[in-house]
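A.B. asks: generate coordinates for the sequence data below:
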Amino acid sequence: MKILIAEDDNRLRKNIVHIIQKENHQVDSVENGQDALDYTLFEQYDLLILDWMMPELSGIDVCLEVRERGFSGGILMLTARDDSSDIIKGLDAGADDYLVKPFKMDELLARIRAILRRKEKAFEQVIQIGNLILHLDSRTLIHGGNKIALTRNEFLLLEYLFINKGIVLTREQICSHVWGYDHDTTNNNLDALVKLVRKKIDDGHEKSIIENVRGIGYKVREPNV
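C.D. replies: Below is the predicted model:
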C-alpha cells in the first residue's frame with residue numbers, strides 16, 4: 001500500500017514514517033498541507049494521514065479538496081482536538097477516521113489496517129439482493145433495472161440492513177445508524193420509515209424482504225426465503 005503522511009511536527013512525522021515502513025508500506029511524507037495536496041496530483045495513494053493543523057493548508061482543507069477531486073482512498077485525520085463538534089467536522093469533510101494526539105503507534109497501525117480493509121472490500125460498494133442493487137458509494141438503488149429515488153434516511157436504513165443481510169438488528173441499532181447515537185426517535189418513527197421503504201422495493205409481494213422480528217427489530221432476507 002502507498003501512504004502519504006502530512007505532519008508538521010518533524011519528530012512525530014519521522015516516527016510515523018518509520019513505523020509504517022516496518023509494515024512494508026510505501027511512504028511519502030510532507031510537512032505542510034499545500035505539499036500534501038500537490039503530491040496527490042501526481043501520485044496514487046491508498047491512504048492519506050493528515051494532521052489537522054498544518055502550515056499553508058489545514059488537514060481539513062486538504063481532505064475537502066481531494067474528495068472534491070474524486071479521491072476514493074482512505075483518509076485518517078490526526079488532531080489535538082477532541083471536541084465532538086471538531087470530530088464531526090473532520091468526518092463530514094470526508095475523513096474515514098480520526099486519532100486524537102497523543103496516541104500510541106500500535107493504535108495508529110490498527111486504525112490504518114481498519115481503513116485499508118474497508119477500502120479493499122468490494123462488497124461494501126455494491127450489494128445485490130434479488131433484483132435490488134444498492135450502490136453504497138453513490139447512494140443509489142437500482143430496482144429491476146430502474147433507479148429508485150431514496151431519501152437520506154431511506155438509504156441509511158437499506159444500507160445497514162443490506163450490509164447485515166440475514167442478521168437481526170435491534171431497533172436501537174437501526175435508529176442509531178439512521179438518526180445518530182443521540183437520537184430522539186420512537187419506534188413509530190422507525191416503523192414509518194420501514195413502511196415507506198417497503199413500498200419502494202417490494203413489488204406488492206405479500207412478504208417483504210424487510211422482515212419484522214417481533215420484540216427485537218428487523219432483518220433483510222433473500223426473496224423467496
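A.B. asks: show me what the helix or strand bottoming out on mean pLDDT in the chain is packed against.
C.D. replies: Ranked by mean pLDDT, DSSP states H and E, the weakest helix or strand in the chain is helix 84-92, scoring a mean of 75. Judged by 3 or more Cβ pairs under 8 Å, 6 or more residues apart in numbering; DSSP states H and E, helix 84-92 is in contact with helix 59-68, strand 74-79, strand 97-100. Heads up, the C-betas are built off the backbone N, CA and C, glycines and all.
A.B. asks: make JSON lines from these and add mean pLDDT, mean neighbour count and distance to Ile127 to it.
C.D. replies: Below are these laid out as JSON lines (pLDDT from 0 to 100; neighbours: other Cβ atoms under 10 Å; distance: least, Cβ to Cβ, whole Å):
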{"stretch": "helix 59-68", "mean pLDDT": "90", "mean neighbour count": "20", "distance to Ile127": "22"}
{"stretch": "strand 74-79", "mean pLDDT": "90", "mean neighbour count": "24", "distance to Ile127": "20"}
{"stretch": "strand 97-100", "mean pLDDT": "86", "mean neighbour count": "17", "distance to Ile127": "22"}
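A.B. asks: and these: which comes nearest Gln128?
C.D. replies: Proximity to Gln128 (Cβ to Cβ) singles out strand 74-79 among these, at 24.7 Å.
A.B. asks: which secondary structure elements does that closest one contact?
C.D. replies: Applying 3+ Cβ pairs under 8 Å, 6+ apart, we find strand 74-79 packed against strand 47-51, helix 59-68, helix 84-92, strand 97-100, helix 105-120.
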